[in-house]
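Student: next come a sequence and a model predicted from it.
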Amino acid sequence: MVGYFRKLKSFLASGGAIVPSTLLTLLIIFLIINPDRYIQSVYYGLKLFATSVAPALFPFFFFSRLLTGLGMADTLGSLLRRPVSALYNAPGAGGYVCCMGIISGYPVGAKLLGELYDGGALNARQVKVISSFTSTSGPLFVVGTVATVMFKSTSTGYILLAVHFVSALLNGFIYRGKKSDAVGGNVKIRDRNMGALLSESMLSSITSLLAVGGYIAVFSMISDVLEDIGLIGLIARGLQKCVFWQEMPLEMARGVAVSLVEVTKGCRIIADCNLPLQMTMPWVALALSFGGISIGMQSLTFLSACKISWRYHFATKITQSLISFVLMSLIALLL
């Protein structure tokens, strides 16, 4: 019996490598079979990154890294220590990450958590607690891109933004830490001049930005592959059947399904349906809070060293997105 369980464990362990390897091989085959289609997908992702994401994200990466290096996490963390400790049993540094995440958007919060972990200010358990309420999009994307450009309604964007932030803060209560988690350390600031800090911040920001661009390009292709093989359509039809309280058009269901992979493209599809805001906004709120697998993988790139598993991260995003959906559904009744 013991030998049987050992063999089963060995098989499951090998399966953990076989499944992703098979999927990656299939993606390469699709790229070889139809290079024009999927090279254009990658090109679209890189264009989106170069024209929209990089200009908006790079300054936040750079300046937030400078602030952390200058000890702002300790300064602002000390001011926010009491409310963060009382609400989430987390160190005051969590307040610093929350503020920077709200201002900057995905995946700055995750990047800062990685830096604070490397600097000795947080341990792995504290990072897990803080990540549950600091993973948010930013005003530039929610209000500027989604609401104003896509849905032509800036006022709705501020409602979406408020719901988005409140859902993140409420989500933190689900993953609240223990009393002992409220005590954090100080960031270890190396003895170096401003020039060295500027150089390190620039290099770190460029490296991080390139990683984000790579994920956007790859998942732009993956979303098109999933559509071509019919998986997006299958999820959309399944979603239609699950949503028993409203008649959801197939195209809108497709937009929600796409947003689970790549949020920007999904929100664009939902907006192009030209349906009443009361119907679309709860689903947009859900999509923004979940962030899509693309943003999830971007965040995990920075959190991997902190010993946060992908299961835990996506569990926090699922609960946060459900809270957003419920809150926005209640508000939509009043619109």
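Tutor: On my side now, so go ahead.
Student: low-confidence ranges, the stretch 1-150 of the chain, go.
Tutor: 1-17, 19 (pLDDT under 70).
Student: distance of residue 302 from residue 207?
Tutor: With distances taken as C-beta to C-beta, to the nearest Å, residue 302 is found 11 Å from residue 207. In this view, the C-beta of every residue, glycine as well, is placed from N, C-alpha and C.
Student: who has more neighbours, these two?
Tutor: residue 302 (22 against 10; other C-beta atoms under 10 Å).
Student: whatever helix or strand residue 42 lives in packs against which elements?
Tutor: Assigned by DSSP states H and E, residue 42 falls within helix 35-48. Packed against helix 35-48 by the contact rule (3 or more C-beta pairs under 8 Å, 6 or more residues apart in numbering; DSSP states H and E) you find helix 2-33, helix 194-228.
Student: most packed of those helices?
Tutor: helix 194-228 (a mean of 18; mean count of other C-beta atoms under 10 Å).
Student: now do that one and helix 35-48, the angle between them.
Tutor: Put simply, helix 194-228 runs at 140 degrees to helix 35-48, going by axes from the mean of the first three to the mean of the last three C-alpha atoms, to 10 degrees.
Student: can you give me the strands in the stretch 201-335 of the chain?
Tutor: Shown for the stretch 201-335 of the chain, no strands are assigned by DSSP state E, counting those that start in this stretch.
Student: mind showing which ranges of it have poor pLDDT?
Tutor: Counting by pLDDT under 70, the ranges of the stretch 201-335 of the chain that qualify are 335.
Student: how about a cut-off of 80?
Tutor: Residue ranges of the stretch 201-335 of the chain with pLDDT under 80: 244-246, 335.
Student: now do the helices in it.
Tutor: 231-242, 250-259, 263-272, 277-290, 292-303, 310-332 (DSSP state H, counting those that start in this stretch).
Student: could you give the angle of the helix or strand following the helix holding residue 42 to helix 194-228?
Tutor: Using DSSP H and E, the next helix or strand after helix 35-48 towards the C-terminus is helix 54-69. Compare the direction of helix 54-69 with that of helix 194-228 by the same axes, to 10 degrees and you get 140 degrees.
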